[in-house]
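>>> just the structure for this:
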Amino acid sequence: MTKKEESKNEIKKGMTRRSFIGRTTLATAAFTILPRHVLGGKGFVAPSDKLNIACIGIGGKGKSDAAAMENENVVALCDVDDIRGSDTRLKYPDAKFYEDFRVLLDKEKNIDAVTVSTPDHNHAIIAYSAMQLGKHVYVQKPLTHTVYEARKLAKAAKEYNIVSQMGNQGHAGEGARLVNEWIAADAIGDIHEIHTWTNRPIWPQGDMEKPKEIPSLPNYLNWNLWIGPATYRPYHPSYHPFAWRGWWDFGTGALGDMGAHILDQPFWALNLDSPKTIQASSSAFSDQTYPLASIVTWTFPEKDGRDEVKIVWYDGGLLPPRPENLEPERKLGACIYYGSKGTLMHNTYGDSPRLIPETAMKDFEIPEKTIPRSPGIYEEWIDAIKNGTKSTTDFEYSAKLTEMMLLGNIAIRLKDKNMILEYDGEKGEFTNLDEANEYLTKKYPKGWEM
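From the prediction side, this is the model:
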């Protein structure tokens, strides 16, 4: 039996992390570098052109993020949960496995880039630690857990001159580019209002409290590392592996989950920056979890010759009003743009934008494609690293989009104030409610500060 087959058998037998650490080693083998045209093949990358990648968080969405790195050298894997990451470890049996990202970054000196696919509250500290070492970073959406972290990562990416990317795959899609091109071509005139919505949350949240019972900690989970920069609380399956999104301390709720896809389209197409006001209403919630349903409204100031723009977000089963000219039999799109000349609608990831009513499409001349098409959200990042260019949703861009969403969550927290929050984007602070500024950051446990 080969060493690779041995590794696979060990993982299949459900070895705990304690018995597996140190057992897998990075395989080394001599090879001859041949010209591309000799080796060929779709997706082929010459060995000399491959990046050394470390994947941090390899279960859940991290599984597909790591799988997308298959044309590069995946040399290291990291997860606090042995079971959740087992499929990825089977895919890359020669990659060294770690449970602590800090140990990985300290020992794996040869890595070029890192993917970060952990719960939201851990994104910033991992990405920042990697950037300080000059590593390129790909971070799942939403970029960060707080506004402070978003601004910190954007600044660090520039300071350390690395290639960054946030994992909102819709940004790389054809629909996203069509929306941009149609709006730039004045398809519906001056846009003054946009309505967006999602069916999230699809996990428990609302007026919930911390679980009182303290179950046994699974032997395959390092809970202290999972908690990381959050305030400590005992393990409970209500947090891990899936429902963490609904807890204030760990996730960013429905808005942070889907806003990175849906709000990305108008944010990009209208070249938005910081909002000047934010207000919110919602169903009941506790100091522990996000509400089951909410409505958030942002206003953005005039810019580049366009008028002020209002964006409204609905979640938890709430829907925007149907456009008067939308045919009765048609479903409501996830994003609706109201302009001086007409109305535009598209689905969750910006796919298949259409003017409404459908009869308006008959007279619409599809504009020329002017925006370069993306090879894919992952490929775009990898190509940018190799070519010394920028990716389209790098931290300079995605930090601002993330900030928009996080400001919405702050407005939800303070919805009982029954006021419109005023925000100074240049200073990064609220100007009419000091209490709101407390939520721009959070307290970090000792050793987890940024």
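>>> pretty sure Val114 is in a strand, no?
Yes: under DSSP: H, G, I helix; E, B strand; the rest coil, Val114 falls within a strand.
>>> in this structure it contacts Gln140, no?
No: taking contacts as CB atoms under 8 Å, Val114 lies outside contact range of Gln140: 11.9 Å. Placement of C-beta: from N, CA and C, glycine included.
>>> who has more neighbours, the two?
Neighbours per residue (other CB atoms under 10 Å) separate Val114 from Gln140, with Val114 holding more: 27 against 21.
>>> quick one: contacts for the closest residue to Gln205 other than its chain neighbours?
For Gln205, ignoring the flanking residues on the chain, the nearest one in space by CB to CB, 6 or more residues apart in numbering is Gly246 at 3.1 Å. Contact partners of Gly246, counting by CB atoms under 8 Å, 6 or more residues apart in numbering, are 201, 203-205, 208, 253, 289-290.
>>> what's the burial count for Pro234?
The number of residues packed around Pro234, counting by other CB under 10 Å, is 13.
>>> does it touch Ile214 like I think?
Yes: between Pro234 and Ile214 there is a contact at 4.6 Å, judged by CB under 8 Å.
>>> which of the contacts of Gly246 count as buried?
Among the contacts of Gly246, the ones that count as buried by 16 or more other CB atoms under 10 Å are 201, 203, 205, 208, 253, 289-290.
>>> next SSE downstream of the helix or strand harbouring Lys400?
Element membership for Lys400, per DSSP states H and E: helix 395-413. Sequence order places strand 421-424 as the next helix or strand after helix 395-413, per DSSP H and E.
>>> identify the residues contacting that following strand?
274-279, 407, 410-411, 414, 429-433, 436.
>>> tell me which two in these are the farthest apart.
In terms of CB to CB, those reach their longest pairwise distance at Ser274 and Leu414, which sit 17.8 Å apart.
>>> which of those two has more residues huddled nearby?
Neighbour totals were compared for Ser274 and Leu414, and Leu414 leads with 20 against 17 (other CB under 10 Å).
>>> count the residues that sit near the residue lying closest to the more buried one once chain neighbours are set aside.
The shortest distance from Leu414 to any non-neighbouring residue, by CB to CB, 6+ apart, is to Ala436 (5.8 Å). Neighbours of Ala436 under the rule other CB under 10 Å: 22.
>>> buried stuff in the helix or strand Ala436 falls within?
Element membership for Ala436 (DSSP H and E) is helix 434-437. Going by neighbour count (16+ other CB under 10 Å), the buried part of helix 434-437 is Ala436.
>>> please save the CA atoms from it in CSV.
Only the C-alpha atoms of helix 434-437 are listed here, as CSV (Å, rounded to 0.1, in the frame of the first residue of the first chain):
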residue,chain,number,x,y,z
ASP,A,434,-22.4,58.2,20.1
GLU,A,435,-23.9,54.9,21.2
ALA,A,436,-23.8,53.6,17.6
ASN,A,437,-20.1,54.1,17.4
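>>> re the thing from before, highest neighbour count among the contacts of strand 421-424?
Ala411 (29 neighbours).
>>> which ones are touching that residue?
By CB under 8 Å, 6+ apart, the neighbours of Ala411 are 278-280, 296, 421, 436.
>>> name the nearest residue to it, sequence neighbours excluded.
Ala280 (3.8 Å).
>>> other SSEs contacting the helix or strand containing the one you found?
Per DSSP H and E: Ala280 is located in strand 277-282. The helices and strands touching strand 277-282, judged by 3 or more CB pairs under 8 Å, 6 or more residues apart in numbering; DSSP states H and E, are strand 294-300, helix 395-413, strand 421-424.
>>> which residues are in contact with Ile56?
62, 78-79, 101, 104, 114-118, 126.
>>> swap in 7 Å and give it another go.
Contact analysis of Ile56 by CB atoms under 7 Å, 6 or more residues apart in numbering lists 78, 101, 114-116, 118, 126.
>>> could you check how far the residue most central in space within the chain is from Ile111?
Geometric centre of the chain, nearest residue: Lys141, 0.5 Å, by CA atoms, centre = their mean. To Ile111, Lys141 is 22 Å away according to CB to CB, to the nearest Å.
>>> and if you look at Ala130?
Taken as CB to CB, the span from Ala130 to Ile111 is 9 Å.
>>> cool, and Val312?
In terms of CB to CB, Val312 sits 43 Å off from Ile111.
>>> for those two, indicate the residue with more neighbours.
With neighbours defined as other CB under 10 Å, Val312 and Ile111 compare such that Ile111 has more, 21 against 17.
>>> wasn't that one part of a strand?
No: using three-state DSSP, the assignment for Ile111 is coil, not a strand.
>>> where does the protein have low pLDDT?
Within the chain, the ranges that satisfy pLDDT under 70 run 1-48, 350.
>>> cutoff 80 now
Within the chain, the stretches with pLDDT under 80 are 1-48, 348-351.
>>> tell me where the stretch 301-450 of the chain has helices.
Along the stretch 301-450 of the chain, counting by DSSP state H, counting those that start in this stretch, helices occupy 359-362, 377-387, 395-413, 434-437.
>>> reformat those as CSV; add distance to Pro229.
Formatted as CSV, these follow (distance: least, CB to CB, whole Å):
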stretch, distance to Pro229
helix 359-362, 49
helix 377-387, 25
helix 395-413, 16
helix 434-437, 20
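>>> give me whichever of those helices is most buried.
Stretch with highest mean neighbour count among these: helix 395-413 (a mean of 25; mean count of other CB atoms under 10 Å).
>>> quick one, domains of this structure?
Using automatic domain parsing, the domains assigned to the chain come out as 3-170, 172-207+234-371+395-440.
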